[in-house]
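> what shape does this take:
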Amino acid sequence: MADDRELVGQVARGNGRAFRALYERYADRVFRYALTLLRNRHLAEEVVQETMVAVWNGADKFEGRSQVSTWIFGIARHHAYRIGRGEVKGERVPDEEGESPDPALMVEQEVRVQRAVAGLPPDQREVVFLAFYAGLPYEEIARVQGVPEGTVKSRMFHAKKRLAEELRP
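Below is the predicted model of the structure:
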């Protein structure tokens with residue numbers, strides 16, 4: 001199985017199979033990231049499509065100075081904020097509850113955590129997602145967000161503090 005850099009190189013040469021492989025690796029992660037930022041499933045799906053089109057069109061411009069995941073999440077972030085600016089802020093509603101909650105303790109805890117994360121300010125919510133769900137190190141998160149690594153650490157510190165307060169029994 002080709003690594004991400006090899007796939008981007010192949011995509012740059014017009015290889016549709018390589019693009020499909022990248023799409024399969026990243027579409028779900030980009031969707032969850034966009035959903036974290038926009039809290040709207042329809043807009044998150046739009047971000048996935050626009051991000052992957054930009055990957056197809058821009059693969060030849062990838063310089064390899066970061067991980068492929070950082071590059072893709074950076075593109076997704078750009079599209080999410082562009083799309084989000086087009087929405088009336090008051091009309092965005094969290095869209096993460098699709099099923100009735102299971103009474104099991106683990107499910108209840110997961111719902112509590114999701115709600116607590118959803119209640120974080122957007123910059124903190126984004127850092128938590130990129131660190132815990134996308135698995136990016138702080139250095140890469142800083143590149144995605146275009147801020148110093150210290151800012152990422154500060155946002156994570158404050159996010160963890162808020163989450164600890166919110167999730168206290």
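
> any idea how this structure splits into domains?
Domain assignment of the chain by automatic domain parsing yields the ranges 1-95, 97-169.

> in CSV: those domains, plus mean pLDDT and mean neighbour count.
Just so you know, the C-beta spots here come from the backbone N, C-alpha and C atoms, and that holds for glycine as well. Listed next are those as CSV, based on pLDDT from 0 to 100; neighbours: other C-beta atoms under 10 Å:
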stretch, mean pLDDT, mean neighbour count
domain 1-95, 87, 17
domain 97-169, 81, 15
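
> so which residue is dead centre in the protein?
Within the chain, the residue whose C-alpha comes closest to the C-alpha centroid is Tyr33; the distance, by C-alpha atoms, centre = their mean, is 2.1 Å.

> what helices or strands is the stretch of helix or strand that residue belongs to leaning on?
Taking DSSP states H and E as the criterion, the element that holds Tyr33 is helix 16-38. Other elements packing on helix 16-38 under the criterion 3 or more C-beta pairs under 8 Å, 6 or more residues apart in numbering; DSSP states H and E are helix 4-12, helix 41-58, helix 68-85, helix 122-128.

> tell me the SS of Leu120?
coil (DSSP: H, G, I helix; E, B strand; the rest coil).

> secondary structure element holding Arg162?
Counting by DSSP H and E, the element that carries Arg162 is helix 149-166.

> need the contact partners of that helix.
113, 116-117, 119-120, 123-125, 127-128, 131, 138-139, 141-142, 145 (C-beta atoms under 8 Å, 6 or more residues apart in numbering).

> of those residues, which is the nearest to Arg65?
Using C-beta to C-beta, Glu139 is the member of the contacts of helix 149-166 that lies nearest Arg65, at 12.2 Å.

> from Arg65, how far off is the nearest residue to that closest one once chain neighbours are set aside?
For Glu139, the nearest residue in space outside its immediate sequence neighbours is Glu149; the separation is 5.7 Å by C-beta to C-beta, 6 or more residues apart in numbering. Going from Glu149 to Arg65 by C-beta to C-beta, to the nearest Å gives 16 Å.

> hang on, the earlier thing: the helix holding Tyr33 to helix 41-58, inter-axis angle?
Our comparison of helix 16-38 with helix 41-58, counting by axes from the mean of the first three to the mean of the last three C-alpha atoms, to 10 degrees, yields an angle of 140 degrees.

> helix 16-38 vs helix 68-85, what angle?
Helix 16-38 and helix 68-85 are oriented at 50 degrees to each other (the same axes, to 10 degrees).
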